[in-house]
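> coords below, sequence missing:
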């Protein structure tokens, strides 16, 4: 719940005792939750002191708190006519306008008060998508993990992405990126054959475009066509030798085919390019274990667990350690790791 500005104190000292009495009665009613009575008292104060910004701020705040947005808006606008520097009045007016659907009109007031969450929502509703993304990201820094902010940020980002792809499709339908965008959409819909065709057209149009070989390789991975996936990941690694994801994907594909030395080399390269990605650490541990290098496997899995305490990868790391310790006759440690695996996996 927002903390509405209640203007009292020195602002009231230059007005008549009758106005002050209505203001005090309004504040008392508001504190007791009697918002209708508070609104009535503040309205009387504003009628008796039509040049006093505080009277209209309190009236607007009480109306806003009672969700009477049509009444809050004119009161707050009058307060700002009398004193444009009232930051709290700008904030409340922005909220009231946004609640009534006047997003574009709300934006300058929310900017004035630096109310980033509501500003981002208003910008989204007004179609200012790039500004909305920036505002919502700023709001998330103050409230990490907020479900509403994450929803609106996802929506703004999704619409911004859709607009860009629509412009790509309409402006350059035969470009490599247009074929890639269509292929990725088809892949998401599990229309694998059509997606493969579009990826190949993208490569034919521009074989040196970064990312296309990577996504085609992932399409083959989804169907367990490991040899074709390897071919695409190698092509991507040749184009982008500094891309940790491409190195990881190639390492994973080589591991699936039992090519352990090559897989380990690529996974180690991914680790060097982007240290301690949990996925890389898990597969490094698995590859080392399959090669009989228990010390390296243990080190990789423990490093993973130090940063991924509750994830599915953590569960797999606990299982790997339990198996490793059991083979070494370290029964107490194996039992401990097995129990941790059961806790995380529900087994």
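Cool, the structure landed. None of these values were measured; they are calculated from a predicted model.
> Can you list the low-confidence ranges for this structure?
When the per-residue scores of the chain are filtered using pLDDT under 70, the ranges that remain are 1-15, 347.
> Could you find the closest non-adjacent residue to the one residue sitting closest to the centre of it?
A centroid search over the chain (Cα atoms, centre = their mean) returns residue 150, at 4.7 Å, as the residue closest to the centre. In space, and not counting its chain neighbours, residue 150 is closest to residue 140: 7.2 Å by Cβ to Cβ, 6 or more residues apart in numbering. Every residue, glycine included, has its C-beta placed from N, CA and C.
> Then residue 298?
Here the nearest residue to residue 298 in space, its sequence neighbours aside, is residue 324; by Cβ to Cβ, 6+ apart that works out to 6.2 Å.
> for the helix or strand containing the one you found, packing partners?
Here residue 324 is covered by helix 312-327, with elements defined by DSSP states H and E. Secondary-structure packing of helix 312-327 (3 or more Cβ pairs under 8 Å, 6 or more residues apart in numbering; DSSP states H and E): helix 278-290, helix 294-307, helix 331-345.
> ranking these by burial, who's on top?
Of all these, helix 278-290 carries the top mean neighbour count, a mean of 23, counting by mean count of other Cβ atoms under 10 Å.
> hang on, the earlier thing: and the helices and strands packed on helix 312-327 as CSV, adding distance to residue 51?
Converted to CSV, the helices and strands packed on helix 312-327 look like this (distance: least, Cβ to Cβ, whole Å):
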stretch, distance to residue 51
helix 278-290, 64
helix 294-307, 61
helix 331-345, 66
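> can you tell me which of the ones you listed comes nearest to residue 22?
Put simply, out of the helices and strands packed on helix 312-327 the one that sits nearest residue 22 is helix 294-307, at 60.3 Å, with distance taken as Cβ to Cβ.
> tally of neighbours for residue 148?
Neighbours of residue 148 under the rule other Cβ atoms under 10 Å: 12.
> Would you map the helices across the stretch 151-300 of the chain?
Secondary structure of the stretch 151-300 of the chain (DSSP state H, counting those that start in this stretch): helices at 176-188, 192-205, 212-222, 226-239, 244-256, 260-273, 278-290, 294-307.
> Let me see the contact set for the closest residue to residue 235 other than its chain neighbours.
The spatially closest residue to residue 235, leaving aside those adjacent along the chain, is residue 213, at 4.2 Å (Cβ to Cβ, 6+ apart). Contact criterion Cβ atoms under 8 Å, 6 or more residues apart in numbering gives 203, 232-233, 235-236, 239 as the residues in contact with residue 213.
> can we see that at 10 Å?
Residue 213 makes contact with 199, 202-203, 207, 231-240, 246 under the criterion Cβ atoms under 10 Å, 6 or more residues apart in numbering.
> Domains in the chain, by residue range?
What the record gives for the chain is the domain set 9-165, 172-275, 277-347, from automatic domain parsing.
> What's the separation between the residue nearest to the centre of the chain and residue 28?
When Cβ to Cβ, to the nearest Å is applied, the distance between residue 150 and residue 28 equals 40 Å.
> before we move on, what about residue 233?
71 Å.
> can you list contacts of stretch 302-310?
So stretch 302-310 is contacted by 271, 275-282, 284-285, 311, 313-318, 320-321, 337, 340, 343-344 (Cβ under 10 Å, 6+ apart).
> Please disregard the earlier target; I meant stretch 161-171.
The list of residues contacting stretch 161-171 from outside it, by Cβ under 10 Å, 6+ apart, reads 127, 129-130, 175, 177-178, 180-182, 184-185.
> So what does residue 100 have for phi and psi?
Comment: the main-chain dihedrals of residue 100 come out as phi -90, psi 0, following degrees, to the nearest 10.
> same deal with residue 311?
Backbone dihedrals for residue 311, given as degrees, to the nearest 10, come out at phi -90, psi 170.
> And residue 241, by the same measure?
The phi/psi pair for residue 241 (degrees, to the nearest 10) is phi -70, psi -10.
> next one: residue 291
Summarising the backbone geometry of residue 291 under the convention degrees, to the nearest 10, its torsions are phi -90, psi 0.
> That one contacts residue 262, correct?
No: proximity of residue 291 to residue 262 does not meet the contact threshold set by Cβ atoms under 10 Å, at 11.7 Å.
> Tell me if I'm right that residue 114 and residue 108 touch.
No: contact criterion Cβ under 10 Å: residue 114 and residue 108 do not qualify, at 12.0 Å.
> Just the residues contacting stretch 82-91, thanks.
Around stretch 82-91, the neighbours that count as contacts under Cβ under 10 Å, 6+ apart are 2-7, 11, 50-57, 60-61, 64, 75-80, 92-93, 106, 108-115, 118.
> mind running it again at 7 Å?
Outside of stretch 82-91, the residues that reach it under the criterion Cβ atoms under 7 Å, 6 or more residues apart in numbering are 5, 51, 53, 57, 60, 76, 79-80, 109, 112-113, 115.
> Select from those residues every entry located in helices.
53, 57, 60, 76, 79-80, 109, 112-113 (DSSP state H).
> May I ask which of these has the most neighbours?
Taking other Cβ under 10 Å as the neighbour criterion, residue 60 ranks highest of the ones in helices among the contacts of stretch 82-91 with 32 neighbours.
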